[in-house]
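Novice: What would the 3D arrangement of this be:
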Amino acid sequence: MFSFFAFISRMKFINRWALMRNTSEESLSVHSHETAVIAHALCLIGNKRLQKNYDADKAAVIALYHDASEIITGDMPTPVKYFNQKLNTAYKDVERVANEQLLTYLPDDLKPEYHAILQCEDKDLLKIVKAADKISALIKCTEELKMGNQEFLKARETIAAAITKMDCAEANIFIDAFMEGYALSLDELK
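Specialist: The predicted model follows:
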């Protein structure tokens, strides 16, 4: 029996932002979908506006699986994950081992394909996916603030600063062009 996809399906049961009071819970599955959509868009922005040569489809797939290890580890809150370098390095090792465990749940002929996704080494695409991941977190903060949940105010400031620090032109373009819409109600969207 191969249980890889049954494990992946469980992403819908992993809730993010566990240390925060949420007006709306966000599952790992929802976050991964949004990150994939944004990563795809960032690649297209890079290709069309910055003369890059990203594989947008590959970026989207990497983003779909970027937090798959959390099926095994659970969601480690950002303040804990980045508390210090030693803890961050240890957690990256735990993520790698969890991804390796997930790969054991696949038949041998599929393992190399999913290894390339779960343990991606393309630094350019990883930067795009990381930027998309941060933008997804920024969107969550914006939506919570829109609902009057001030608990996400500091998180939004911290995440916005982290995105700026990434120096990712594609992310800056996306934020300038599209971020404002996330603060609007359905009736305000045009």
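
Novice: helix/strand/coil for the spatially most central residue of the chain?
Specialist: Centrality entry for the chain: nearest residue to the mean C-alpha point is Asp133, 3.0 Å, by C-alpha atoms, centre = their mean. Using DSSP: H, G, I helix; E, B strand; the rest coil, the structure places Asp133 in helix.

Novice: Apart from its neighbours in sequence, what residue is nearest it?
Specialist: Thr35 (5.1 Å; C-beta to C-beta, 6 or more residues apart in numbering). For every residue, glycine as well, the C-beta is placed using N, CA and C.

Novice: In which helix or strand does that neighbour reside?
Specialist: Thr35 is part of helix 28-49 when elements are defined by DSSP states H and E.

Novice: and Ala137, what is it in contact with?
Specialist: Neighbour list for Ala137: 78, 155, 159 [criterion: C-beta atoms under 8 Å, 6 or more residues apart in numbering].

Novice: mind putting those residues in TSV, distance to Asn47, neighbour count and pLDDT included?
Specialist: Output for the contacts of Ala137, formatted as TSV (distance: C-beta to C-beta, whole Å; neighbours: other C-beta atoms under 10 Å; pLDDT from 0 to 100):
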residue	distance to Asn47	neighbour count	pLDDT
Thr78	30	16	70
Ala155	31	20	94
Ile159	25	22	96
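
Novice: next helix or strand past the helix or strand of the chain with the lowest mean pLDDT?
Specialist: None of the helices or strands of the chain scores lower by mean pLDDT, DSSP states H and E than helix 78-81, at a mean of 67. Next in sequence after helix 78-81, counting helices and strands by DSSP H and E, comes helix 85-103.

Novice: So what's the model's average confidence on that following helix?
Specialist: The average pLDDT within helix 85-103 is 88.
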